[in-house]
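>>> Sharing a sequence plus its predicted fold:
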Amino acid sequence: MTPFQAVFGRPPPAVMHYEVDPKDPDPLKDLLQLRDQLLSKLKGNLLKAQQYMKMQADKKMRDFKFQVGDLVLVKLQPYRQHSVALRKHQKLGLCYFGPFPVIERIGTVAYKVQLLESAKIHPVFHIALLKPFHGKSSPPYLPFPLTSSELGPTLCPWKVLDVRVVKRLEATVSQLLIQ
């Protein structure tokens, strides 16, 4: 549905190209010819803008093709995937997780990746979110959290290293140093 149709409840009127007719009054001819010139200029400007945007997008385009079995790193958006948000401040968190093997290619720009069973995210990723892995294929060096709930990862401390009491305004707060 076009914005015009959403507002007015009917499709927009068709704009026809003006055919010069000698019987038409001169002011009408001038107005319709001016309208046609304006429309052709607008179409040219739109085409020019589209070509410029395509050129800018193609500059950043990466031409990767992954084969089944290739190891890739997966870029996650921690503000959306709460099951892998391991830090209080997300900009300091991990960007790439992996390596994970590619299971299958879906379409031209999507790949299915074999994630851990504990990961609660969909295993199909756009190629822009994948990065080829170079190096040894040891177990994932940036793994997903092993335990998680619907609220996010469940972090289990190993032991309490130190305890201190800090006074904040009128209240005392206990602080723990956790390993």
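Received the coordinates, thanks.
>>> average pLDDT across the longest strand seen in the chain?
With secondary structure taken from DSSP state E, the chain has its longest strand at strand 96-106. Averaging pLDDT along strand 96-106 gives 89.
>>> other SSEs contacting that strand?
On a contact count with 3 or more C-beta pairs under 8 Å, 6 or more residues apart in numbering; DSSP states H and E, strand 96-106 meets strand 71-75, strand 110-113. (Glycine included, C-beta is placed from N, CA and C.)
>>> is it possible to export those to CSV including distance to residue 165, mean pLDDT and mean neighbour count?
Putting those into CSV (distance: least, C-beta to C-beta, whole Å; pLDDT from 0 to 100; neighbours: other C-beta atoms under 10 Å) gives the following:
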stretch, distance to residue 165, mean pLDDT, mean neighbour count
strand 71-75, 42, 89, 21
strand 110-113, 47, 94, 19
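>>> buried ones in the helix or strand harbouring residue 36?
With secondary structure defined by DSSP states H and E, residue 36 is part of helix 26-59. Neighbour-count burial for helix 26-59, counted by 16 or more other C-beta atoms under 10 Å, picks out residue 32.
>>> if we can go back for a sec, buried residues in the longest strand of the chain, which are they?
The neighbour-count check on strand 96-106 (16+ other C-beta under 10 Å) flags 97, 98, 99, 100, 101, 102 as buried.
>>> Beta-bridge partners for the first one, please?
With DSSP bridges as the criterion, the beta-bridge partners of residue 97 are residue 74.
>>> follow-up on the earlier one: in TSV, list the helices and strands packed on strand 96-106 along with distance to residue 40.
Rendered in TSV, the data for the helices and strands packed on strand 96-106 read as follows (distance: least, C-beta to C-beta, whole Å):
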stretch	distance to residue 40
strand 71-75	44
strand 110-113	39
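>>> Residue 41 is nearest to which of those?
Distance to residue 41, taken as C-beta to C-beta, is lowest for strand 110-113 among the helices and strands packed on strand 96-106, at 39.5 Å.
>>> Cheers, nothing more for now.
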